[in-house]
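> structure for this input, please:
(one chain, ligands or ions: 1)
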Amino acid sequence: METPDIGLAPFEPGWVWLVGAGPGDPGLLSLYALHALQNADVVVYDALVDSRILDLARVGAEMIDSGKRGGRPSPHQRDISEHLVRLARKNQRVLRLKGGDPFVFGRGGEEALALVEAGIPFRLVPGITAGIGGLAYAGIPATHRTINTAITFVTGHTACGDIPEEDIDWTALAKASPVIVFYMALKTMSRIAERLITAGRNDDEPVAIISRATTPDQTVLVTTLAECAHSEEPSNQPSPALFVVGPVVKLRDGLDWLGAISGKTLNPDPLSDDQDNKGSK
Ligand code: SAH
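Presented below is the predicted three-dimensional model:
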């Protein structure tokens, strides 16, 4: 597969391209991402990058797994950054490939700053973040005119693996954002649901847990905040997963286009039984 000749910037030796690979489906790659895969001398990829995307790399490219998924032994961030610098200094075309978007909970900023410090030229190629692409594949619009004028992306755990107590003003979040998308929240989901209810969100507010979004293994579990707060079950969903809170989740009844492809009947009026489709009490 050739990238079309549309004047894409050339991938020069000695450069690092920090590229977002999107949430999984290779069809969601940008042309720049494909161009980088076809021209890289070395690909340093993280654990979330789908293997079908890695298969698109130039034959002969060196493939380096920098996997840093929670819980498994993983290289330190500083080691990865130093490795990128060393490879670029060897005049390689270095593709740093990350799941989703490099600047969304992806430490892309840290790696890019290390390149700046070392004087290595780099390009940043955004990717479709899971919180956008995953919702679309679940048939859940990130915004819907009659429901929300804002959406918030939140990390469900801190660097030390716990719920971000100090970093998040839960009352303000619950009040200000009708739709909240939590990343990295599989283990903390029930406590997050509790916090949101305590902070004023409705018990019966719909939530979705979208696992392995945009891959052939995608699953979507729709439930309520109260169910999540009281059951351990949701966190048994496969990882990686997004936890989506807010009335937009209801639209899945009408917009689960993937489900429709496999025969599900869609409801053209999914909000019809809604008296008050704003998120908070
Ligand atoms: N930079 C990435 C996020 C990395 S943090 C991005 O922009 O998407 C890792 C978290 O992203 C996971 O814990 C999960 O919450 C989410 N995530 C990434 N890929 C996902 C996928 N295919 N399905 C569901 N969640 C995903």
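> hang on, G109 is in a helix, isn't it?
Yes - secondary structure of G109 (DSSP: H, G, I helix; E, B strand; the rest coil): part of a helix.
> so what's it closest to, chain neighbours aside?
Distances taken as CB to CB, 6 or more residues apart in numbering place F103 nearest to G109, at 6.0 Å, with adjacent residues excluded. Yep, even glycine has a C-beta here, placed from its N, CA and C like the rest.
> that neighbour: how many residues sit nearby?
17 (other CB atoms under 10 Å).
> ranges for the strands of the stretch 101-250 of the chain?
Ranges of strands in the stretch 101-250 of the chain, per DSSP state E, counting those that start in this stretch, are 122-125, 151-155, 179-183, 206-211, 219-224, 241-245.
> turn these into TSV, including mean neighbour count.
Output for the strands of the stretch 101-250 of the chain, formatted as TSV (neighbours: other CB atoms under 10 Å):
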stretch	mean neighbour count
strand 122-125	18
strand 151-155	18
strand 179-183	25
strand 206-211	24
strand 219-224	18
strand 241-245	27
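> turn those strands into CSV, including distance to the ligand and mean pLDDT.
Output for the strands of the stretch 101-250 of the chain, formatted as CSV (distance: least, CB to the nearest ligand atom, whole Å; pLDDT from 0 to 100):
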stretch, distance to the ligand, mean pLDDT
strand 122-125, 13, 98
strand 151-155, 8, 96
strand 179-183, 4, 98
strand 206-211, 5, 98
strand 219-224, 10, 97
strand 241-245, 4, 97
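> and the ones you listed as JSON lines, adding distance to D273?
Formatted as JSON lines, these follow (distance: least, CB to CB, whole Å):
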{"stretch": "strand 122-125", "distance to D273": "43"}
{"stretch": "strand 151-155", "distance to D273": "23"}
{"stretch": "strand 179-183", "distance to D273": "19"}
{"stretch": "strand 206-211", "distance to D273": "12"}
{"stretch": "strand 219-224", "distance to D273": "15"}
{"stretch": "strand 241-245", "distance to D273": "19"}
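> contacts only, for the residue nearest to G109.
F103 makes contact with 109, 124, 126 under the criterion CB atoms under 8 Å, 6 or more residues apart in numbering.
> now do V181
131, 135, 142, 151-154, 242-245.
> rerun at 6 Å
Applying CB atoms under 6 Å, 6 or more residues apart in numbering, we find V181 in contact with 131, 153, 242, 244.
> how about the most centrally placed residue in the chain: what's its closest non-neighbour residue?
Closest residue to the average C-alpha location of the chain: A130 at 2.6 Å, with CA atoms, centre = their mean. Spatially, and ignoring its direct neighbours in sequence, A130 is nearest to P23 (4.4 Å; CB to CB, 6+ apart).
> let me know how buried that neighbour is, in neighbour terms.
There are 30 residues near P23, going by other CB under 10 Å.
> again with G27
Neighbour count for G27, taken as other CB under 10 Å: 8.
> sec struct for it, please.
Following three-state DSSP, the label given to G27 is helix.
> spit out the contact partners of the residue in the chain positioned nearest to the ligand.
Closest to the ligand within the chain is G100: 1.9 Å, counting by CB to the nearest ligand atom. Going by CB under 6 Å, 6+ apart, G100 touches 20, 23, 127, 129-130.
> quick revisit: how close does the residue nearest to G109 get to P126?
Using CB to CB, to the nearest Å, F103 is found at 7 Å from P126.
> kindly report the same for N39.
18 Å.
> then D203?
To P126, D203 is 37 Å away according to CB to CB.
> which one's more surrounded, these two?
With neighbours defined as other CB under 10 Å, D203 and P126 compare such that P126 has more, 18 against 14.
> is it true that that one touches K98?
No - judged on CB atoms under 6 Å, P126 makes no contact with K98 at a distance of 10.5 Å.
> next, the buried residues of stretch 24-43.
24-26, 28-30, 32-43 (16 or more other CB atoms under 10 Å).
> would you map the helices across the stretch 51-200 of the chain?
51-54, 77-89, 108-118, 130-137, 170-176, 189-198 (DSSP state H, counting those that start in this stretch).
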